[in-house]
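> pasting a predicted model and its sequence here:
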Amino acid sequence: MRWLPHLLLLPLLCGCSFLRTATVPMPAVPHAAPAADANGLIVMLPGFGDGPAYYEQNGFVEMVRAANPRFDVVCADAHFGYYRDFTIVDRLHADVIGPVAERYEDVWLVGISMGGLGAAAYAIEHPQLVDGVILLAPYMGSRAVIEEIVDAGGLAKWQPPELASIDDDETRKYYELWSWYRRFLTDADQMPQLLLGHGEDDGLGTPNALVGSVLPAGHYRVRPGGHKWTVWTPLFAEFAPFLAR
């Protein structure tokens, strides 16, 4: 997944987080379900500069337990090194999700910002394993592709190009991402549940809203604020009850 050039433009890039090395296997912090008969798994992917502990510290694990005590929670240490090495999907599958997926009736992904890109990329490559995706202010890639969709009048009017005709790998991957989002309008019954939210002052609000416009009522939510945990935590509180359905 050649996401590196545009991820380098993320305003959150700074300090030693950029230098972390992608290790094998990908580390992850498990939080076992309080119920003995767990039948669901939710894997959480952090944003840039955050780590697995942030999800527990901000109450996400407890909100899952309250919504459905039969969900195991795994907070993956899917840091920028895996995006820099283009191994985010491969390592998630080999180390975190693939080895255990068959134990569960439902597998969900949660991704914040950069982690939202990773969650969507995994769902694109392994659709048979993913039942639901919760994206909070997800990073959505190439500005040129986003502007093309805006100029077309939104996802409902945009016609994606034939992917096989695009020679550049990076460009093709971003078109693949947006073609996947468009399928929530054209092939919703074949897609996982998608819940998406962001702050109304978030710089990623415009591309997020393009996707939100094709989702069912209640699946797209906006709260006051910017690109911050103070926005993402209450948004997740609104989405967590979907895990009980």
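Right, received. Where do you want to start? Residues are numbered from 1 along each chain as shown.

> quick check: mean pLDDT across stretch 39-46?
Averaged over stretch 39-46, pLDDT sits at 98.

> go on, stretch 108-117?
For stretch 108-117, the mean confidence score works out to 98.

> in CSV, list the C-alpha atoms belonging to it.
Extracted C-alpha coordinates of stretch 108-117, given in CSV (Å, rounded to 0.1, in the frame of the first residue of the first chain):
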residue,chain,number,x,y,z
TRP,A,108,-15.0,-4.9,13.5
LEU,A,109,-12.3,-2.4,13.0
VAL,A,110,-11.9,1.1,14.6
GLY,A,111,-9.5,3.6,13.1
ILE,A,112,-8.7,7.2,14.0
SER,A,113,-7.0,9.5,11.5
MET,A,114,-4.1,7.6,10.0
GLY,A,115,-5.6,4.5,11.6
GLY,A,116,-8.8,5.1,9.6
LEU,A,117,-6.8,4.7,6.4
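
> any idea how far residue 21 is from the residue lying farthest from the centre of the chain?
Note on the chain: the largest C-alpha distance from the chain mean falls to residue 36, namely 27.8 Å (CA atoms, centre = their mean). To residue 21, residue 36 is 38 Å away according to CB to CB, to the nearest Å. Where you see a C-beta, it was placed from the backbone N, CA and C, and this is true even at glycine.

> ok, for residue 226, nearest residue in space, not its chain neighbours?
residue 201 (4.4 Å; CB to CB, 6 or more residues apart in numbering).

> okay, now the one you found: neighbour count?
14 (other CB atoms under 10 Å).

> element containing it?
Here residue 201, judged by DSSP states H and E, is contained in no helix and no strand.

> for it, list the residues it contacts.
224, 225, 226 (CB atoms under 8 Å, 6 or more residues apart in numbering).

> who wins for most neighbours among those residues?
residue 225 (17 neighbours).

> mind checking pLDDT for that residue?
98.

> cool, and residue 169?
pLDDT at residue 169 comes out at 88.

> how near is it to residue 141?
13 Å.

> higher neighbour count, those two?
When residue 169 and residue 141 are compared for neighbours, residue 141 comes out ahead with 22 against 10, by other CB under 10 Å.

> where does the chain have low pLDDT?
For the chain, the stretches with pLDDT under 70 are 1-18.

> who does the longest helix along the chain touch, helix- and strand-wise?
The longest helix of the chain (DSSP state H) is helix 169-186. For helix 169-186, the elements it packs on are helix 4-7, helix 114-125, helix 143-152, helix 205-212, judged by 3 or more CB pairs under 8 Å, 6 or more residues apart in numbering; DSSP states H and E.
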